[in-house]
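Participant: Build me a model:
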Amino acid sequence: MKHLYSILLFIAGISVISCTSGPQLMPNISGKAGEVVVVISKGEWESDPGVAIRSILAVEHPYLPQREPLFTLINIPEKAFTSIFQSHRNIIILNIIPDLKEPRMVLQENIWAAPQIVITVSASTPQEAAAVIQEKSDLMTNALLQAERNRNIQNAKKYEEKTLRETVRASFGGSPYFPKGYKLRKETADFIWISYETTYTNQGVFVFRYPYKDSTDLSLQKLVLMRNEILAKNVPGSLENTYMTTNMYFEPGMRWVKYNKRDFIEMRGLWELQNDFMGGPFIDHIFLDKEQRNIIVLEAFVYAPRYDKRNYLRQVESILYSFEFVQ
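Facilitator: Numbering: from 1, shown residues only. Reported below is the predicted structural model:
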């Protein structure tokens, strides 16, 4: 995470098949966000294929203040894979076919429910299956993350607070989609703060900009410096001389991302309140405006001291991914 790299969320070489050839009514998906049903025999779950899947999908989620897995895996043997589980949101199926000539991984959408993703891995032996899982690890991870993200974005667009998008678009030339419940907390010429708050949680989005001079402005050191400077002015704590800043005990990570025909920097880290004890995870999407005069930052953050934070963070992160410039 400390090095810049580019990632494509959909990469050639994997089949994507839609099973919705025409208008039809499908049941809604079941299961919790972040869950993946893995249809595989107990023996193969404990041997090479299961080890490979867990090494990819059950690893620790990056930049959270406590340990949480990237996905929560539920092993279901093939005989137990009934209609109860077939409607699950995320499914991986392992097929061992002894006379299969070439191993493959296939992505399908909406087979038994919608919006659903089903990843099928077929191979002639368990060892060969494990090898193709490792080879296609990025594709598997990104497909599941994108499916989770798309559900959140669809929900935001379906149940949208339109006035918030109009407010951000008027100032920045583009905006994400904000679902119902989000409210405007602060607005200045170059800084907007929108959040969804409950008694014990806070999911927030910052949108701000500052002048772009040269490529050194896109270094990790400079990005953190400007983040701290802007948030110190705009995001005070409840006590005197407290404000949001970056926790540098765990240095943030950054990477280049290509998504929806746009290149941007993703920066992940932990935030904290200076001179106080609040904190949590944050994600920034950082890019240049159309004229390349300003750096625009979209930031998602979570404060949920009583709860796991993975799913809260993915919900608000999805808002960032819904950003669109005005055409």
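Participant: What is the three-state secondary structure of the nearest residue to residue 134 once chain neighbours are set aside?
Facilitator: Closest residue to residue 134 apart from its sequence neighbours, by CB to CB, 6 or more residues apart in numbering: residue 52 at 5.4 Å. Every C-beta, even on glycine, is put in place using the N, C-alpha and C of the backbone. Following DSSP: H, G, I helix; E, B strand; the rest coil, residue 52 is assigned to helix.
Participant: And stretch 145-157, how far out from the chain middle?
Facilitator: Centroid separation for stretch 145-157 versus its chain: 9 Å, with CA atoms, centre = their mean, to the nearest Å.
Participant: I'd like to know which elements the strand ranked longest in the chain is packed against.
Facilitator: Determined from DSSP state E, the single longest strand within the chain is strand 262-274. Using 3 or more CB pairs under 8 Å, 6 or more residues apart in numbering; DSSP states H and E, the elements in contact with strand 262-274 are helix 220-234, strand 243-246, strand 253-259, strand 279-288.
Participant: What strands line up against it, and which way round?
Facilitator: Within its sheet, and counting by DSSP bridges, strand 262-274 is paired with strand 243-246 (antiparallel), strand 253-259 (antiparallel), strand 279-288 (antiparallel).
Participant: what mean pLDDT would you report for it?
Facilitator: For strand 262-274, the mean pLDDT works out to 96.
Participant: Can you tell me what sits against it?
Facilitator: With CB atoms under 8 Å, 6 or more residues apart in numbering as the test, strand 262-274 has contacts from 1, 4, 6, 62-63, 65, 218, 220, 223-224, 232, 237, 241-247, 250-257, 278-287, 301.
Participant: Pull out the buried residues from these.
Facilitator: Among the contacts of strand 262-274, those classed as buried by 16 or more other CB atoms under 10 Å are 63, 65, 218, 220, 223-224, 242-247, 252, 254-255, 257, 279-287, 301.
Participant: for stretch 34-43, how far is the first residue from the last?
Facilitator: 24 Å (CA to CA, to the nearest Å).
Participant: Just the buried residues of that stretch, please?
Facilitator: 34, 35, 36, 37, 38, 39, 40, 41.
Participant: between those, which is closest to residue 178?
Facilitator: Distance to residue 178 across these (CB to CB) is lowest for residue 34, with 21.7 Å.
Participant: you'd agree the closest one is up against residue 61?
Facilitator: No: applying CB atoms under 8 Å, one finds residue 34 not in contact with residue 61, separated by 9.2 Å.
Participant: So for these two, which residues contact both of them?
Facilitator: Joint contacts of residue 34 and residue 61 (CB under 8 Å, 6+ apart) are residue 310.
Participant: ok so, going back, compare the helices and strands packed on strand 262-274 and give me the one nearest residue 101.
Facilitator: Among these, strand 253-259 sits nearest to residue 101 (CB to CB), with 33.8 Å.
Participant: Poorly predicted segments of the stretch 1-150 of the chain, please.
Facilitator: Scanning the stretch 1-150 of the chain for pLDDT under 70 picks out 1-24.
Participant: just the helices in it please.
Facilitator: 42-46, 48-57, 83-86, 126-135, 137-158 (DSSP state H, counting those that start in this stretch).
Participant: Alpha carbons only: can I get the longest strand of the chain in PDB?
Facilitator: The C-alpha trace of strand 262-274 is given here as PDB (Å, rounded to 0.1, in the frame of the first residue of the first chain):
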ATOM      1  CA  ARG A 262     -11.200   8.300 -14.400                       C
ATOM      2  CA  ASP A 263      -7.800   8.000 -12.800                       C
ATOM      3  CA  PHE A 264      -7.400   9.000  -9.100                       C
ATOM      4  CA  ILE A 265      -5.300   8.400  -6.000                       C
ATOM      5  CA  GLU A 266      -6.900   6.300  -3.300                       C
ATOM      6  CA  MET A 267      -5.400   7.100   0.100                       C
ATOM      7  CA  ARG A 268      -6.400   5.000   3.200                       C
ATOM      8  CA  GLY A 269      -5.600   5.600   6.800                       C
ATOM      9  CA  LEU A 270      -6.800   6.300  10.300                       C
ATOM     10  CA  TRP A 271      -8.000   9.600  11.500                       C
ATOM     11  CA  GLU A 272      -8.000  10.900  15.000                       C
ATOM     12  CA  LEU A 273      -9.000  14.000  17.000                       C
ATOM     13  CA  GLN A 274      -6.000  16.100  18.000                       C
END
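Participant: begin at 548 from here
Facilitator: Happy to do that; since the first residue is 548 now, the last one works out to strand 809-821.
Participant: Just want the angle from it to helix 767-781.
Facilitator: 60 degrees (axes from the mean of the first three to the mean of the last three CA atoms, to 10 degrees).
Participant: Just the buried residues of strand 809-821, please?
Facilitator: 811, 812, 813, 814, 815, 816, 817, 818, 819, 820.
Participant: need the contact list for residue 698.
Facilitator: Contacts of residue 698 (CB under 8 Å, 6+ apart): 580, 636, 662.
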